[in-house]
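Participant: sharing a model prediction with you, sequence too.
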Amino acid sequence: MATKKKLTKSEKKIEKVVKANKAEEQKVLSKPKKLKVHDGADFYAHKHVINFLTETDLYKFTQQQFYKHKRSNDRAKWEFKCRTKGVNLAPLCDRINEELDWMCTLKFQQFELDWFKKQNYFTHDYVEFLEDFQLKRRHIKCYTDAKKTTLFIEAEGSQTNVSPWEIYVLHIVQALWMNGEEIDWDLAKANLDNEIAKVNAATRAGIKFTISDFSVRRTISSEWEDYMVGRMLAMCPAFVGTSNVYLAIKHNCTAIGTFAHELDATYQGLSNVTIANAQKQKLTDWADEYDGKLGIALSDNYGFKSFLNDFGLKFAKLFDGCRHDSGDPIRWGEMLIAHYLKLGIDPTTKVACWSDSLNIDKALAIAKHFNGRIKIAFGIGTYLGATVCGTKREPLSMVMKVVEVNGKPAVKLSDSLGKCMCHDESHIEYVKLVHNYKSIDEMTADEIRVMLPQFKDVRLSDIYQEPLAA
């Protein structure tokens, strides 16, 4: 009779997680959802990457309505940039152009328009505008250099018409880049279930937080994101929604999002607003448009230090909270809490949303640190939409950003080196000077305490260690 193999600590841990997953699955799901299999063939040979105009982030629509009502005459130039080193995307140029052509044939379907009508933050005239809206091919071009080593994608026109291209382009490029990659769906689903088990264990331990899917621009495929969102909704009580409007409609869950860096970029190109006052004016106009709804403010375009200087008592009371997208996430959270305390606002009534390069382990470390001190929310993109699948090919790190508005340069500084994207060095230096820019990562604890006396000096490295690359 064979003796039973003695399990290692690691194997015991895995076995425990698997058993926990199976137990929860029996409670919640009578029959697991099936996933379409991508076997490594040319998945997009006879279909298109995007088939509905709602396959994008919610904030593309909230910002489009804002532009239509507040900034209808502003013209912008957008540029694509791949941050992943050593990648040649030029061979995808023809396929990308085919997808861009296809996008210009799409119109909103009635089920999509019906959803927009039900949201209390979209106006009647905006929904009427969407009824006739189509992307215009003349607004976007995709080409390569003569040697076919570099891919260029540029969009130019009114913000109302060209802003939507951003997420569609990123989604298309990622999908075509990952096309042909053989994916082990059983492994991908098992990996996702293991991440769900970690989240559920944390919530059972009394850590309060929410998670949303922010992966539409980075997912390896629409099929995977669809499966992932459905699975998270069924198995993970902390999961509250997705930024992908199409999936929010399909799964009858909350669509998540407010505004992005492009709004700050737009306000740098206005003739009647100074760079020094651009951030305050943007917040004022956003509050006027949405009357207190969609109240999570992105906080890092000019650095968090500058944001807090502009985010005084009026805005701090008016907005529901803030979103982190660069810089040390723990230091950012400690500064936000100290800022609310300085203003006499109870931080536990406000939301801190983290959305910068998160995985589940990092999110849980942040949640554990801030548990009970502020409302905690996470927006997780690439990790849930791509990395968790365990493919050999890494998903691309890429952006499409506003580089010019009304003929003037635009810049996003952020609190992380390498995220700045602007062709005009003099404009970068001017904006830094006007906003007295200094990254929160570079500030000393004493410098921060001059601003925020109750600041606690803790960094991410004090509570969490990034795993070593394989």
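Facilitator: Yep, that arrived. Residues are numbered from 1 along each chain as shown.
Participant: secondary structure element for Glu195, which one?
Facilitator: Here Glu195 sits within helix 185-204, counting by DSSP states H and E.
Participant: what's that helix packed up against?
Facilitator: helix 9-28, helix 222-235, helix 360-370 (3 or more Cβ pairs under 8 Å, 6 or more residues apart in numbering; DSSP states H and E). (Glycine included, C-beta is placed from N, CA and C.)
Participant: C-terminal to that helix, what's the next element?
Facilitator: strand 210-213.
Participant: need the contact list for the most centrally placed residue in the chain.
Facilitator: Note on the chain: the residue nearest the mean C-alpha position is Phe214, at 4.6 Å, using Cα atoms, centre = their mean. Applying Cβ atoms under 8 Å, 6 or more residues apart in numbering, we find Phe214 in contact with Asp57, Thr242, Ser243, Ile256, Ser355, Gly379, Ile380, Gly381.
Participant: and which of these is nearest to Lys81?
Facilitator: Of all those, Gly381 has the smallest distance to Lys81: 16.9 Å, by Cβ to Cβ.
Participant: the closest one: neighbour count?
Facilitator: 23 (other Cβ atoms under 10 Å).
Participant: which one is it nearest to, not counting chain neighbours?
Facilitator: Phe214 (4.0 Å; Cβ to Cβ, 6 or more residues apart in numbering).
Participant: quick check on the one you found: phi, psi?
Facilitator: With angles defined as degrees, to the nearest 10, Phe214 sits at phi -120, psi 30.
Participant: then Glu156?
Facilitator: phi -150, psi 130.
Participant: residues in contact with it?
Facilitator: Applying Cβ under 8 Å, 6+ apart, we find Glu156 in contact with Arg75, Ala76, Lys77, Trp78, His139, Ile140, Val162.
Participant: ditto for Gly344
Facilitator: By Cβ under 8 Å, 6+ apart, Gly344 lies in contact with Leu313.
Participant: now do 10 Å
Facilitator: Leu313, Ala316, Lys317 (Cβ atoms under 10 Å, 6 or more residues apart in numbering).
Participant: how about a markdown table for those residues, with pLDDT and neighbour count added?
Facilitator: Shown next, in a markdown table, are the contacts of Gly344 (pLDDT from 0 to 100; neighbours: other Cβ atoms under 10 Å):
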| residue | pLDDT | neighbour count |
| --- | --- | --- |
| Leu313 | 99 | 11 |
| Ala316 | 99 | 20 |
| Lys317 | 98 | 13 |
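Participant: which of those lies closest to His369?
Facilitator: Nearest to His369 among the contacts of Gly344, with distances taken as Cβ to Cβ, is Ala316, at 21.8 Å.
Participant: pretty sure Gln268 contacts Ile428?
Facilitator: No: using Cβ atoms under 10 Å, Gln268 is not in contact with Ile428; the gap is 11.2 Å.
Participant: mutual contacts of the two, please.
Facilitator: Overlap of the contact sets of Gln268 and Ile428 (by Cβ under 10 Å, 6+ apart) consists of Pro409, Val411, Lys412, Cys422.
Participant: just the buried ones from those, in ChimeraX syntax?
Facilitator: Per 16 or more other Cβ atoms under 10 Å, the buried members of these correspond to this ChimeraX selection:
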select :409,411,412,422
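Participant: gap between the host helix or strand of Phe61 and the chain center?
Facilitator: Following DSSP H and E, the helix or strand that holds Phe61 is helix 58-70. In terms of Cα atoms, centre = their mean, to the nearest Å, the centre of helix 58-70 is found 17 Å from the chain centre.
Participant: what sits against Trp115?
Facilitator: Trp115 neighbours (Cβ under 10 Å, 6+ apart): Thr54, Phe108, Gln109, Phe122, Val127, Val245, Tyr246, Ala248, Ile249, Asn252, Ala255.
Participant: the residues you listed in strands, which ones?
Facilitator: The strands, defined by DSSP state E, take in Ala255 from the contacts of Trp115.
Participant: residues near the closest residue to Lys305 other than its chain neighbours, how many?
Facilitator: Leaving aside its sequence neighbours, Lys305 sits nearest to Lys438 (Cβ to Cβ, 6+ apart; 5.8 Å). Lys438 has 16 neighbours, counted by other Cβ under 10 Å.
Participant: confirm Lys438 sits in a helix?
Facilitator: No: assessed with DSSP: H, G, I helix; E, B strand; the rest coil, Lys438 is coil; it does not lie in a helix.
Participant: got the contact list for it?
Facilitator: Gly303, Phe304, Lys305, Ser306, Asp415, Lys432, Thr444, Glu447.
Participant: got these as a markdown table, with pLDDT columns?
Facilitator: Written out in a markdown table, the entries for the contacts of Lys438 read as follows (pLDDT from 0 to 100):
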| residue | pLDDT |
| --- | --- |
| Gly303 | 97 |
| Phe304 | 98 |
| Lys305 | 98 |
| Ser306 | 98 |
| Asp415 | 96 |
| Lys432 | 96 |
| Thr444 | 97 |
| Glu447 | 98 |
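Participant: the stretch 251-400 of the chain: helices as residue ranges?
Facilitator: For the stretch 251-400 of the chain, helices defined by DSSP state H, counting those that start in this stretch occupy the ranges 261-267, 278-290, 304-310, 313-318, 329-342, 360-370, 382-385.
Participant: and Ser416, what pLDDT?
Facilitator: pLDDT recorded at Ser416 is 89.
Participant: re earlier: of Gln268 and Ile428, who's got more company?
Facilitator: Gln268 (26 against 18).
Participant: per-residue confidence for that one?
Facilitator: pLDDT at Gln268 comes out at 96.
Participant: ditto for Leu35
Facilitator: Looking at Leu35, its pLDDT is 40.
Participant: what residue ranges in this structure score low on pLDDT?
Facilitator: Applying pLDDT under 70 to the chain flags the ranges 1-46, 180, 468-470.
Participant: per-domain residue ranges of it.
Facilitator: The chain breaks down into these domains under automatic domain parsing: 58-181+398-428, 185-393+440-463.
Participant: next one: phi and psi at Val402?
Facilitator: When read as degrees, to the nearest 10, the backbone of Val402 gives phi -70, psi 130.
Participant: neighbours of the nearest residue to it once chain neighbours are set aside, just the number please.
Facilitator: Closest residue to Val402 apart from its sequence neighbours, by Cβ to Cβ, 6+ apart: Ala265 at 3.8 Å. Look at Ala265: counted by other Cβ under 10 Å, it has 25 neighbours.
Participant: what's the answer for Leu270, then?
Facilitator: When counting by other Cβ under 10 Å, one arrives at 18 neighbours for Leu270.
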